[in-house]
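Chemist: build the 3D model from these lines:
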Amino acid sequence: MAAAHWRGTEEEWLGEWLLRAAGGFTGRANSALPLGDPGVPLDEALDYVTGWYGARGLPAMISVPLPLPLAGEGPAAGLDAGLTDRGWGTRPRSAFVMVADLPLAVAGGGLPAGAVVAADADPDEAWLARYHYRGTDTRPPAMREVLASAREQAFMSIRAESGVLAIARLSIAGGWAGLTAVEVDPDRRRAGLGLAITAAACAEAAERGVRRVFLQVEVGNAGARALYERCRFRYAHRYHYRTGPA
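Modeler: Okay, the predicted model is just below:
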């Protein structure tokens, strides 16, 4: 479901594995997603994945969904072990997928004086200036196409005379809303804007008739996890990326 919200500019199926590429912009858009049987033996599937990404100048990478700790092995546990046996590494910074019902049970925080919420069909220059891919101002060529890759999206922002205070990308596909690209002006953090932009995006999704929302958050991001727990998000599963041997 989440793959329909943040898509590669190129996609191809190998059996029930979805291969995605977007010039290296984000792991989600540049990794294979194993949703079932690839239709060929594992070694043959890995050779194909390695060649497919190599032909695009990208490292071979597989996004492996895993159950929460103490929740059992799950269908991808065997694949994960097989990748370890074959020398595939684990990329740092694994993530949780969290879900919630809409409308949210927690209301958003108040806005600063003079600030307003906007929901735009396209990201303007001010929105893009607040978005920092991997903490930088880099704008890869595929960035705009990936940001607009869902069936429907809204680029949420909280704005004041001083500029854009917080942003989020709301996507809608398959009966779900997705939250990505949540970012707050570093000078305005710990002032309730993270809660406010999350609540505003979820309210926009509810107004559009969506009743479920998901997001992805790094395991080590304790502040963001606490915020989403406060908003009654629940942990669904976790995932990490496995990278092919050099």
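
Chemist: contacting residues for residue 31?
Modeler: With contact set as Cβ atoms under 8 Å, 6 or more residues apart in numbering, residue 31 has these partners: 20, 61-63, 241. Every residue, glycine included, has its C-beta placed from N, CA and C.

Chemist: go on, residue 150?
Modeler: The contact partners of residue 150, by Cβ under 8 Å, 6+ apart, come to 4-7, 171-173, 178.

Chemist: phi, psi for residue 21 please.
Modeler: The main-chain torsion angles of residue 21 are listed as degrees, to the nearest 10 and equal phi -140, psi 150.

Chemist: ok, the residue nearest to it when sequence neighbours are not counted - how many residues close by?
Modeler: Of all residues not flanking residue 21 in the chain, residue 10 sits nearest, at 4.5 Å (Cβ to Cβ, 6 or more residues apart in numbering). Applying other Cβ atoms under 10 Å, we find 15 other residues in the vicinity of residue 10.

Chemist: buried residues, the longest helix along the chain. List them.
Modeler: Ordering each helix of the chain by length in residues (DSSP state H) puts helix 193-207 first. Within helix 193-207, the residues that qualify as buried by neighbour count (16 or more other Cβ atoms under 10 Å) are 193-206.

Chemist: do the same with stretch 61-81
Modeler: Applying a neighbour-count criterion of 16+ other Cβ under 10 Å, the buried positions in stretch 61-81 are 61-66, 74, 76, 79-80.

Chemist: may I ask which two of those residues are separated the most?
Modeler: 61 and 74 (19.5 Å; Cβ to Cβ).
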